[in-house]
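Engineer: here you go, sequence then predicted model.
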Amino acid sequence: MMIAFSVTPLGVGEEVGAYVADAVRVVRESGLPNRTDAMFTTIEGNWDEVMDVVKRAVEAVEARAPRVSFILKADIRPGVTDGMTSKMETIERHLARG
């Protein structure tokens, strides 16, 4: 299973990088495969693992922000591992063909 999520602190002003870093730190310390870009963090693992990480990431932001919003998108595909890499390899293969 892959989950892409974004955590946004509300009521803290325009500078949110430190809050988002708190969430990303939780993800990176989880040991699960993950990638962070400018908009989302994607993690891969089983249901309980990824949902636990999302919960803890939201709680990390919630500890310092008066309000938190988050977006979550899941790709539930039993038996698939390393989906983050294999999906991108498929796209790159198609791009290379022109």
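Structural biologist: Perfect, thanks for sending it.
Engineer: spatially central residue in this protein, please.
Structural biologist: residue 41 (2.7 Å; CA atoms, centre = their mean).
Engineer: mind checking the SS state of the residue nearest to that residue when sequence neighbours are not counted?
Structural biologist: The spatial neighbour of residue 41 that comes closest, neighbours along the chain excluded (CB to CB, 6 or more residues apart in numbering), is residue 27 at 5.4 Å. (Each C-beta comes from the backbone N, C-alpha and C, glycine too.) Using DSSP: H, G, I helix; E, B strand; the rest coil, the structure places residue 27 in helix.
Engineer: list the contacts of residue 27.
Structural biologist: With contact set as CB atoms under 8 Å, 6 or more residues apart in numbering, residue 27 has these partners: 34, 36, 41, 43, 53, 57.
Engineer: and the two most separated of these?
Structural biologist: Longest distance between any two of the contacts of residue 27 is 12.5 Å, between 36 and 53; criterion CB to CB.
Engineer: report the contact partners of residue 23.
Structural biologist: Taking CB under 8 Å, 6+ apart, we find residue 23 in contact with 7, 41, 57-58, 60-61.
Engineer: again, but for residue 82
Structural biologist: By CB under 8 Å, 6+ apart, the contact list for residue 82 reads 33, 44.
Engineer: renumber starting at 2 from here on
Structural biologist: In the new numbering, first residue 2, that becomes residue 83.
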